[in-house]
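Chemist: how would this look folded up:
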Amino acid sequence: MIMYRIFEKHAGAIVFVITIFVLFWLKNMLCMTKIESSLTDFLNIFSIFAGFLTTSISILYSIQDKDFIITAKTSGAYQDLLNLIYKAIGCCVLSIVAVIIAKLITVDSVKLIALSICFGALSAVILTGFLFIKLMCLNK
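Modeler: Model (predicted):
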């Protein structure tokens, strides 16, 4: 349980570190033009994810009187989810900035670092989305 909580809190950072080691290890075998196009795709994806996460916060604030939200608040799960959503929004913004910097600076290592940041942010967004859906399923 403790290991899960550590991973849950730091999923983005853990995936970032693993990805950066793997990408720099495979650096000579990677096609940088494909990474360049992937970064453009990530820019679009994280813009959408930031909007989704902002909408999910609005949904959570608008259903304050539901029984399952009250239960989640008393157990602490509600505040944990809000913290994860805020952290995931921050990861999205960081990824967008990293991709823009990688587009401006045409050094391969900068592109690999930006791609690693994107993978770390993607894991944080997926975890947050999963926990949001899990909380909404309590409404049944």
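
Chemist: run through who's touching the helix or strand bottoming out on mean pLDDT in the chain.
Modeler: Least confident element among the helices and strands of the chain, by mean pLDDT, DSSP states H and E: helix 2-25 (a mean of 76). Helix 2-25 is contacted from outside by 30, 84, 87-88, 91, 109, 112-113, 115-117, 119-124, 127, 131, using Cβ atoms under 8 Å, 6 or more residues apart in numbering. In short, each C-beta sits where N, CA and C put it, glycine included.

Chemist: buried ones among the residues you listed?
Modeler: Buried members of the contacts of helix 2-25, scored by 16 or more other Cβ atoms under 10 Å, are 84, 87-88, 91, 112-113, 115-117, 119-124, 127, 131.

Chemist: would you confirm that S56 contacts L131?
Modeler: No: if you go by Cβ atoms under 8 Å, S56 and L131 don't touch, sitting 10.2 Å apart.

Chemist: related to what we said a few turns ago, please point out which parts of the least confident helix or strand of the chain sit buried.
Modeler: In helix 2-25, counting by 16+ other Cβ under 10 Å, buried: 11-12, 15-16, 19-20, 23.
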